[in-house]
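A.B. asks: sequence first, then the predicted structure:
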Amino acid sequence: MEEATTSLLHLVKVTRHLHLPSLVACGRVLRGEAAVIVGITAVVYGIGSVIIRIVRNARRPAYVTPEPEVDDERRQNVPTMSWKRKSAIPRHSSGDKSKTIHVLRPKSSPKWITTEMDEYQNGYPTKEDDPKLNDNLRFYKNEIPFKPRGVLISEVHRDWWGDYRLLERHRSYIQWLFPVCRLFPVREPSRNKWAQELQPHEAEAISGSLAASARVLKSYEMMLDFYGMRLVDESTGAIERAENWPERFTHLNSSYHNYLRITRMLKCLGELGYERLKGPFLEFVLNEAIETGTLSGCLDSCMHFWLGALRSANERKRMIRLAENLMNIHKKRDVCCVIGPAVSAMPCCLSDCAGTIK
């Protein structure tokens, strides 16, 4: 049966290249056996396309809608929360609709963000250490270059600092400069499949090494310069504008993939002993985004993701109150941020935050 089907398909493929009107014309002219042959050929030609389609569809595997795959590097490309207005009446109100206020509430976060942020803020307690993996430690010890086709960390700091074109276009170094843990396995090809997930023993070793820890700080300073900022005090983490801030801020406002890099950078700083640097960075961004408007494009990512990289619940509350106060002063409107008691357990730092506008 299979041989017959194969032969028929071969015949169909051959006859499909013939011209049907020409076959019909030949059939009218020819007589006897020749006319019969031409007629059979015309019939085969006519049903050829139908047979081929049926066979091809039978051989083709059924299409199954794949599960949405989200790479750890690209999760934030899709907005997870957006502000929406909602009318509400204060509980102490007598029900007078004239006292209705407008409440800005963030939409709920997807489940993977809930779990990811909770685990990160608690130090990934469910992650298992693999002592055989040491690429990140060796990279920050200046023993191996980053992959693929990379250079040593000392060369990155020496030759790449200030080369904004290279830092912008090169996509393989950031995973090595700021390695992070992943709660979820990467289910689609990453931008750098050679980058290794940060292991707990590596984080401890890098934090305990003066040379490696100094290189982490220098990586942070290099990226700050790339974003138009400058570290003023290493002990407090205070930040100010760099000399070329207008150009770099303009670039950062419209360079959304750099927001992913900043999220990675903040999470890595917490893993490698520099949690103290996050608060001043976020304070600087909030001031530039709300007070002066120079980094207004970063505000959404800052409120939805970067504040969630703070492991201290009190620090997250402080940042939310700072944003509230800045909006009260500089937006010329009455904005009240209501913080619930469970901020520390929320997947994103704003899940208990609502702004009130009269």
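C.D. replies: Here it is on my side, so go on. Numbering: from 1, shown residues only.
A.B. asks: what residues go with each domain of this structure?
C.D. replies: 2-59, 83-357 (automatic domain parsing).
A.B. asks: can you tell me which of these the model trusts least?
C.D. replies: When the domains of the chain are compared by mean pLDDT, domain 2-59 comes last with a mean of 59.
A.B. asks: which residues does Arg215 contact?
C.D. replies: Shown in contact with Arg215 (C-beta atoms under 8 Å, 6 or more residues apart in numbering): 140, 142, 153-154, 157. All C-beta spots, glycine's among them, are computed from the backbone N, C-alpha and C.
A.B. asks: let's see 7 Å
C.D. replies: Counting by C-beta atoms under 7 Å, 6 or more residues apart in numbering, Arg215 touches 140, 153.
A.B. asks: measure it to Trp306 for me?
C.D. replies: Look at Arg215 and Trp306: by C-beta to C-beta, to the nearest Å, they are 23 Å apart.
A.B. asks: now do Glu202
C.D. replies: Relative to Trp306, Glu202 is positioned 24 Å away (C-beta to C-beta).
A.B. asks: looking at these two, which has the bigger crowd around it?
C.D. replies: Set Glu202 next to Trp306 and count neighbours by other C-beta atoms under 10 Å: Glu202 wins out with 26 against 23.
A.B. asks: phi, psi of the closest residue in space to that one that isn't next to it in sequence?
C.D. replies: Distances taken as C-beta to C-beta, 6 or more residues apart in numbering place Leu137 nearest to Glu202, at 4.3 Å, with adjacent residues excluded. Main-chain torsions, Leu137, degrees, to the nearest 10: phi -60, psi -40.
A.B. asks: ok, Leu137 touching Glu204?
C.D. replies: No - with contact defined as C-beta atoms under 7 Å, Leu137 and Glu204 do not form a contacting pair (9.5 Å).
A.B. asks: these two - which one has more neighbours?
C.D. replies: Higher neighbour count among Leu137 and Glu204: Leu137, with 22 against 15, using other C-beta under 10 Å.
A.B. asks: who's in contact with the more buried one?
C.D. replies: Neighbours of Leu137 in contact, by C-beta under 7 Å, 6+ apart: 202, 205-206.
A.B. asks: distance to Leu272 for those residues - can I get that in a markdown table?
C.D. replies: Putting these into a markdown table (distance: C-beta to C-beta, whole Å) gives the following:
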| residue | distance to Leu272 |
| --- | --- |
| Glu202 | 9 |
| Ala205 | 10 |
| Ile206 | 5 |
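A.B. asks: what is the nearest of these to Glu168?
C.D. replies: Of all those, Ile206 has the smallest distance to Glu168: 26.1 Å, by C-beta to C-beta.
A.B. asks: residues contacting the closest one?
C.D. replies: Counting by C-beta under 7 Å, 6+ apart, Ile206 has contacts 137, 140, 212-213, 216, 272.
A.B. asks: ok, for it, nearest residue in space, not its chain neighbours?
C.D. replies: Ala212 (4.5 Å).
A.B. asks: please apply the same query to Leu231.
C.D. replies: Glu221 (5.1 Å).
A.B. asks: flag every buried residue along stretch 164-175.
C.D. replies: Buried positions in stretch 164-175, judged by neighbour count with 16 or more other C-beta atoms under 10 Å: 164, 167, 172-175.
A.B. asks: likewise for stretch 262-273?
C.D. replies: In stretch 262-273, counting by 16+ other C-beta under 10 Å, buried: 262-273.
A.B. asks: checking my notes, Arg261 in a strand, right?
C.D. replies: No - per DSSP: H, G, I helix; E, B strand; the rest coil, Arg261 lies outside any strand segment and is helix.
A.B. asks: would you confirm that it contacts Gln175?
C.D. replies: No - contact status for Arg261 versus Gln175: not in contact, 9.7 Å apart, counting by C-beta under 7 Å.
A.B. asks: which parts of the stretch 51-200 of the chain are helices?
C.D. replies: With helices called from DSSP state H, counting those that start in this stretch, the stretch 51-200 of the chain shows them at 111-121, 135-140, 153-155, 164-169, 174-177, 200-208.
A.B. asks: distance check, the residue nearest to Ile206 against Phe284.
C.D. replies: In this view, Ala212 and Phe284 are 26 Å apart by C-beta to C-beta.
A.B. asks: and the two? Which one has more around it.
C.D. replies: Ala212 (21 against 18).
A.B. asks: just say helix, strand or coil for the more buried one.
C.D. replies: helix.
A.B. asks: who's in contact with it?
C.D. replies: Taking C-beta under 7 Å, 6+ apart, we find Ala212 in contact with 140-141, 206.
A.B. asks: end to end on stretch 239-258, go ahead and measure it.
C.D. replies: 18 Å (C-alpha to C-alpha, to the nearest Å).
A.B. asks: Val216 should be in a helix, yeah?
C.D. replies: Yes - applying three-state DSSP, one finds Val216 inside a helix.
A.B. asks: find the nearest non-adjacent residue to it, please.
C.D. replies: Val216 sits nearest to Leu272 (C-beta to C-beta, 6+ apart), 5.1 Å away.
A.B. asks: also Gly279?
C.D. replies: Closest residue in space to Gly279, ignoring its immediate chain neighbours: Glu315 at 5.8 Å, by C-beta to C-beta, 6+ apart.
A.B. asks: assumed that neighbour was part of a strand.
C.D. replies: No - the assignment for Glu315 by three-state DSSP gives helix, which leaves it out of any strand.
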